[in-house]
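Colleague: Have a look at this fold, sequence not included:
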Ligand SMILES: NC(=O)c1ccc[n+]([C@@H]2O[C@H](COP(=O)([O-])OP(=O)(O)OC[C@H]3O[C@@H](n4cnc5c(N)ncnc54)[C@H](O)[C@@H]3O)[C@@H](O)[C@H]2O)c1
């Protein structure tokens with residue numbers, strides 16, 4: 001059968017159309033594949049972002065209340081203004097009596113205060129009382145007569161607030177009342193271990209941290225009996241006299257570090273410790289008359305004095321033994 005010229009042209013056209021179609025089909029296929037890859041990548045990226053967003057939300061939901069609670073517990077005190085705003089103080093022997101009153105006053109004046117004593121139940125009670133007053137306190141149970149406990153007290157303060165500015169050593173024991181000749185070597189060891197040595201060792205441990213803060217203040221709590229010794233508490237009275245010497249030796253050593261050391265000798269005060277004397281009415285009367293004192297001291301009589309000694313208002317006072325004893329005149 002013969003082909004017409006038109007039939008031949010049709011075939012060529014058809015052939016070229018088929019080739020063109022395949023090329024077009026290939027391009028289309030490649031385009032679709034590329035598009036699919038892009039879409040998959042985009043989807044993957046979105047999945048990743050969503051994963052990140054959902055992880056962030058999960059963390060936010062789970063941890064936020066914890067962070068807020070922690071922040072609130074910290075800021076409750078940092079919001080307190082006063083001469084000791086953002087300062088950190090350790091007060092030894094502060095679950096009751098004079099130490100507790102000093103801890104309270106320093107915290108009221110803006111400081112974060114580490115409260116300490118030997119028994120957990122007493123520390124917990126003091127901390128609860130002070131926290132109820134919206135004060136920033138941390139309780140640490142330890143016996144400052146033991147070196148490993150002293151280190152723990154300092155470490156806990158550092159973990160809590162990152163530094164130490166003030167050390168107030170208020171701790172004391174008196175296991176002996178009577179004729180000094182009846183006191184034993186063990187009694188003297190115990191009295192000097194806690195009342196004198198622990199005061200020095202706590203100061204030694206705190207000094208490098210005060211230095212890091214550019215300075216600090218140390219206050220030892222002594223007694224009028226350190227000046228005017230009462231013979232029936234002889235070894236204790238001698239330990240309190242020793243603190244005047246410690247203050248005089250330590251102060252010039254620490255002055256170049258901008259750390260001040262002072263000692264506060266307090267008078268007969270209404271505390272468990274003071275009860276050794278106060279329960280004997282005749283003796284109390286005699287002491288008050290002999291010392292020209294019209295009332296027995298209260299723990300809160302000393303908080304303001306210590307707060308002042310730690311403050312910048314007292315920046316020119318160091319190496320001093322100060323008496324707060326309701327009119328009693330020191331005789332030494
Ligand atoms: N109360 C007075 O009449 C009187 C008089 C003169 C001087 N002081 C001095 O005042 C300071 C405070 O005495 P206070 O009357 O408030 O006594 P306090 O008995 O009321 O308080 C003493 C605190 O020290 C704690 N403590 C005792 N030994 C400790 C140790 N090894 N480690 C840790 N904590 C310990 C006790 O648990 C308590 O919290 C003492 O240095 C004392 O010598 C008191």
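Modeller: Done, it's in. Everything numeric here is computed off the predicted structure, so don't read it as measured data.
Colleague: Helices of the protein, start to end?
Modeller: Defined through DSSP state H, the helices belonging to the chain, from first to last, are 5-78, 97-108, 120-132, 147-161, 185-192, 198-212, 234-254, 275-278, 281-291, 300-310.
Colleague: what's the least confident stretch among those helices?
Modeller: Looking over the helices of the chain, mean pLDDT reaches its minimum on helix 5-78, with a mean of 56.
Colleague: residues contacting residue 191?
Modeller: When contacts are counted by Cβ atoms under 8 Å, 6 or more residues apart in numbering, residue 191 touches 173-176, 235-236, 239. (Glycine included, C-beta is placed from N, CA and C.)
Colleague: out of these, which is most surrounded?
Modeller: The member of those surrounded by the most neighbours (other Cβ atoms under 10 Å) is residue 239, with 27 neighbours in all.
Colleague: ok now do the closest residue to residue 122 other than its chain neighbours, which residues does it touch?
Modeller: The shortest distance from residue 122 to any residue that is not its chain neighbour, by Cβ to Cβ, 6 or more residues apart in numbering, is 3.9 Å, and that residue is residue 95. By Cβ under 8 Å, 6+ apart, the residues touching residue 95 are 115-117, 119, 122-123, 125-126.
Colleague: contacts with the ligand among these, please.
Modeller: Near the ligand, taking Cβ under 6 Å from any ligand atom as the test, the members of these found are 116-117, 122.
Colleague: Sort out which one of those residues lies nearest residue 231 for me.
Modeller: Within the set of those, residue 117 lies nearest residue 231; the separation is 29.3 Å, counting by Cβ to Cβ.
Colleague: what are the bridge partners for the closest one, then?
Modeller: Beta-bridge pairing for residue 117 (DSSP bridges): residue 141.
Colleague: Surely it touches residue 125?
Modeller: No - judged on Cβ atoms under 8 Å, residue 117 makes no contact with residue 125 at a distance of 9.6 Å.
Colleague: quick one, what contacts residue 165?
Modeller: With contact set as Cβ under 8 Å, 6+ apart, residue 165 has these partners: 84, 87-89, 111, 210, 213, 215-217, 310.
Colleague: Which member of those is positioned nearest the ligand?
Modeller: Compare each of these with the ligand using Cβ to the nearest ligand atom and the shortest gap goes to residue 89, at 15.6 Å.
Colleague: isn't the closest one right next to residue 310, touching?
Modeller: Yes - using Cβ under 8 Å, residue 89 makes contact with residue 310 at a distance of 7.2 Å.
Colleague: Spit out the residues that contact these two alike.
Modeller: Each of 106, 111, 165-166, 168 lies in contact with both residue 89 and residue 310 under the rule Cβ under 8 Å, 6+ apart.
Colleague: when you check the ligand, which of these turn up near it?
Modeller: Of those, not one also sits near the ligand (Cβ under 6 Å from any ligand atom).
Colleague: In a markdown table, list those residues along with distance to residue 183.
Modeller: Written out in a markdown table, the entries for those read as follows (distance: Cβ to Cβ, whole Å):
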| residue | distance to residue 183 |
| --- | --- |
| 106 | 35 |
| 111 | 38 |
| 165 | 38 |
| 166 | 33 |
| 168 | 28 |
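Colleague: Closest one to the ligand out of the residues you listed, please.
Modeller: Comparing the shared contacts of residue 89 and residue 310 against the ligand with Cβ to the nearest ligand atom places residue 168 closest, at 10.0 Å.
Colleague: Quick one: residues contacting that closest one.
Modeller: Residues touching residue 168, when contacts are defined by Cβ under 8 Å, 6+ apart, comprise 89-92, 94, 99, 102-103, 106, 218-219, 221, 306, 310.
Colleague: pLDDT at it, what is it?
Modeller: 98.
Colleague: Can you pull up the residues of the stretch 151-300 of the chain that come close to the ligand?
Modeller: 170-173, 194, 221, 223, 266, 268-269, 271-274.
Colleague: what's the farthest-apart pair in the residues you listed?
Modeller: Pairwise distances among these were taken by Cβ to Cβ; the largest, 20.3 Å, belongs to 194 and 268.
Colleague: give me the beta-bridge partners of the nearest residue to residue 310 once chain neighbours are set aside?
Modeller: Using Cβ to Cβ, 6+ apart and skipping the chain neighbours, the partner closest in space to residue 310 is residue 217 (4.3 Å). Applying DSSP bridges to residue 217 gives these bridge partners: residue 166, residue 260.
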